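Undergrad: Return a 3D structure for these sequence lines:
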Amino acid sequence: MSTAISTRDSIERLLADCSLERGRLLPEGDSRRTLRRRMFKGASLHFNEGTASVECLVRNLSGHGVMVELDPLNLLPDAFVFRLAGDDRLRQAELVWRQGEKAGIRFP
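TA: Numbers count the residues shown, from 1 in each chain. Below you'll find the model as predicted:
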């Protein structure tokens, strides 16, 4: 498995494609740092030095991370490599929260 590279490149390109502004103010009562772009796209999470992976579905994307849906029985480590379907770039990622089949992932 190749070494993970910078997070920002293709994520920034995706955000630019849908005209989201990084750091834009959100509606009152929303504690998120940036707007999210809704998505329905496959991705994979790789860990154990690339010997294990989990498929997931990206539900939203921001400049800082993603929310994914995955099988609630899948175990995830605290750190792994994220790959969005159709994008050959690998990104270092961290698990921020998990509730059943949903998980929040941050790009450090």
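
Undergrad: May I have the beta-bridge partners of Glu55?
TA: Ser44 (DSSP bridges).

Undergrad: The one 5 residues further on now?
TA: In this structure, Asn60 bridges to Arg38, Met67 when assessed by DSSP bridges.

Undergrad: so it touches Lys41, yeah?
TA: No: the criterion here is Cβ atoms under 8 Å, and Asn60 misses it with Lys41 at 10.4 Å. Every residue, glycine included, has its C-beta placed from N, CA and C.

Undergrad: Which of the helices or strands spans Trp95?
TA: Not Trp; residue 95 is Leu. Per DSSP states H and E, Leu95 falls inside strand 91-99.

Undergrad: The next helix-or-strand element following that strand packs against which elements?
TA: Reading on from strand 91-99 to the C-terminus, the next helix or strand found by DSSP H and E is strand 102-106. Identification of packing neighbours for strand 102-106 by 3 or more Cβ pairs under 8 Å, 6 or more residues apart in numbering; DSSP states H and E yields strand 65-69, strand 91-99.
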